[in-house]
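> I would like the atomic coordinates for the input below:
(one chain, ligands or ions: 1)
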Amino acid sequence: MRPRARPRFSSYVPTSASDSLLPHIETNTRLMKLSFLAGIAALVLLIFRIVFNAWNRKRLPPGPRGLPLLGNVLQVGTTSQLWLTFDKWKYQYGPIVYLNMAGQNIVVLNTKAAATELLERRSAIYSDRPRSIVAEYLGSELAMPFTRYGKPWQSMRRACHAVLNARISTQYQPVQVEEAIILAHGLLYDTSSSLLAKINRSASTIISVIYGKQSLSSGKAEQALKAEQALDNASQIQTPNVHQKLQLTPDPLQTLSNIAHRFTNAMYPGAHLVELIPILDYFPPLMAKWKREAQGDFQRISKIFESYFKDAVRNDQQRSSLCVSLADDQVGSGLTDLEKEWVAGSLSVAALETTSTTLSFFLYAMILHPKVQQEAQLEIDRVVGRSRNPTFADMVHLPYVRAVLKEVLRWQPAIPLAVPHIVMEDDWYEGYFIPKGTSCIPNVWSINRDKDIYGPEADQFRPERFLRKSEKGAGYELRDEYENDDGHCAYGFGRRVCVGRHVADNALFIDICTILWALRIEPAVSADCVVKRAPSKDILK
Ligand code: HEM
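Numbering: from 1, shown residues only. Below is the predicted model of the structure:
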């Protein structure tokens, strides 16, 4: 076919009806040809994509066979101590295990090598968090542990790092020493509350750092609750049954713990149908109870965080709390007031159960291993003596106590499956395909008990694994490799690693040290399991 000279639009004057149609017919045929070719190309691409995906799917990591549509939901959803199931699967399927939770890809990382390679070395693409529609209504985009990877998270993280880094953390040590004495005193003499309530008090070491000394004492808590109740009454018409989900109590520590549970329950796989069928999100609050409740809870949590924050700024005479630094724009100057209130609130939520759980496991370990307790107390008596309480100046001279803390965090990590990281691009690891959007769960529990790293006694509580006998005589020294290395993965990985780990380590060290100095921990013969060790001066009184 020879090319036909195209008539110029401005000069072309049709001489007959058929002549006037010719260029249009020509253009239409061309268009049809082009569309046909584009259609073929799209089809080829689609087929290629399907084949490529199917081929890639064959390259997914191995894992237990699931049901059609539901995948592994039933195997995972009904298990309480998931880390034990994941650990069992590690021996069946290998270090990285693939699961399908009704369409959501999950990869469990059971070895340190896999977790550090993906979550640390490739952290540029492995630092997002799972999207949960319900949690977003609850305020997850303001709650740092759950915030998606992006600019708002970066600003919050920078602000937190500025007030919680290793160097600045030393500034909080005087408060932490005082709180440790109050904790030990409570364990010995407070008969009004349960052991668990007393242990929860350990978190106040951190809460003091965030909200200032005694900012969240019960008086302030009552004020906060009143403010919250006023809001609750006002919103009762739009948000009925809101109390069913989130209990707010006069005790701030209890309230913070309830908020933590509200978030984790909301994010639990399968907790809400809307996560599986996102179109349900288009229903208005009036027709969606879960949405009404989440929106109502967001208001209530914001109000509580606001009142804690404002109280802290008003009351902190020493002007040294994290809230004061945020309020004075010493850190986080780019954050809005709401973001600052949520930064402080979510830090305390993240700190609360982790520290008290760790302390509970410490008490448990001491009951199970009286010889370890005795060895630690011998060291404390040798270094600190009985006439004064331990301080941070003693830390370098107390390698055995430091090893006890490392071992508690290794043996029973407070969050055994850490927090999932989402991969933001398709990726490959050791020949396995990890599709974009996969939720990567590091099985910290399993990694911390890896026999290839910790030897055949990995399951046992043995602080000596971090120590060598002192060359100078009696006692122990921390092995060189553990001077700056945690020796466990309890604080997570990469860019999302726990931002409060330095403050937590300090608080737990001084709590453990002061408790061991003041008490003997024994199996319960009566209501409690602690016995006073009679310091020569009764410092705790
Ligand atoms: C024994 C005590 C603690 C343990 C075992 C612990 C453990 C963890 C773990 C496993 C993560 C997730 C890391 C990851 O995604 O890879 C995390 C994140 C976080 N932790 Fe902790 N934590 C502790 C104490 C604290 C304290 C005291 C604070 C606050 C002062 C805190 C604040 C946070 C925050 C804000 C995040 C989210 C970080 C982010 O997503 O960027 N934690 N923690």
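> Which of the helices or strands spans the spatially closest residue to A518 that is not a sequence neighbour?
Ranked by C-beta to C-beta, 6 or more residues apart in numbering and with sequence neighbours excluded, the top spatial neighbour of A518 is A184, at 4.3 Å. Bear in mind the C-beta positions are built from the backbone N, C-alpha and C, glycine included. Assigned by DSSP states H and E, A184 falls within helix 173-189.
> same for that helix, what does it pack against?
Contacts defined by 3 or more C-beta pairs under 8 Å, 6 or more residues apart in numbering; DSSP states H and E place helix 173-189 against helix 195-200, helix 204-211, helix 501-518, strand 519-521, strand 530-532.
> Would the third one count as contacting the ligand?
Yes: Helix 501-518 lies within reach of the ligand by C-beta under 6 Å from any ligand atom, at V503, A504.
> just use 53 as the starting number from now, easier for me
Will do, 53 is the new start, and the previous item becomes helix 553-570.
> relative to helix 256-263, how tilted is that helix?
Using axes from the mean of the first three to the mean of the last three C-alpha atoms, to 10 degrees, one finds that helix 553-570 and helix 256-263 are set 140 degrees apart in direction.
> Give me the distance from helix 553-570 to the chain's centre.
21 Å (C-alpha atoms, centre = their mean, to the nearest Å).
> Which strands or helices does that helix pack on?
On a contact count with 3+ C-beta pairs under 8 Å, 6+ apart, helix 553-570 meets helix 218-221, helix 225-241, helix 256-263, helix 389-420, helix 422-435, helix 451-463.
> Single out the most deeply packed of the ones you listed.
Mean neighbour count (mean count of other C-beta atoms under 10 Å) peaks for helix 256-263 among the helices and strands packed on helix 553-570, with a mean of 27.
> Contacts (any at all) between the ligand and that helix?
Yes: residues of helix 256-263 contacting the ligand under C-beta under 6 Å from any ligand atom: I258.
> tell me what that helix is packed against?
Packing partners of helix 256-263 (3+ C-beta pairs under 8 Å, 6+ apart): helix 225-241, helix 304-319, helix 341-367, helix 374-379, helix 389-420, helix 553-570.
> Now do that helix: distance to the chain's middle.
Its chain's C-alpha centre lies 18 Å from the corresponding centre of helix 256-263 when counted by C-alpha atoms, centre = their mean.
> what do you get for stretch 190-205?
Relative to the centre of its chain, stretch 190-205 is centred 11 Å away, using C-alpha atoms, centre = their mean.
> Please identify the buried residues of it?
Residues of stretch 190-205 classed as buried: 190-201, 204-205 (neighbour count, 16 or more other C-beta atoms under 10 Å).
> Those residues of the stretch 203-352 of the chain touching the ligand, which are they?
The stretch 203-352 of the chain comes close to the ligand at residues R209, L216, I258, as judged by C-beta under 6 Å from any ligand atom.
> I'd like the residues you listed as a markdown table, with distance to L387 and pLDDT appended.
Rendered in a markdown table, the data for those read as follows (distance: C-beta to C-beta, whole Å; pLDDT from 0 to 100):
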| residue | distance to L387 | pLDDT |
| --- | --- | --- |
| R209 | 11 | 94 |
| L216 | 15 | 91 |
| I258 | 20 | 80 |
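> OK, contacts around E231?
Going by C-beta atoms under 8 Å, 6 or more residues apart in numbering, E231 touches S256, T257, S260, A559, D563.
> Just give the nearest non-adjacent residue to it, would you?
Among residues not flanking E231 along the chain, T257 sits closest, at 4.0 Å (C-beta to C-beta, 6+ apart).
> so what's the one you found up against?
Taking C-beta under 8 Å, 6+ apart, we find T257 in contact with V227, Q228, E231, A232, L235, T407, A559, I562, D563.
> Any idea how many residues pack against V125?
Other residues near V125 come to 20 when the count uses other C-beta atoms under 10 Å.
> E477: which of the helices and strands packed on helix 225-241 is closest?
Closest approach to E477 among the helices and strands packed on helix 225-241 is made by helix 553-570 (27.8 Å; C-beta to C-beta).
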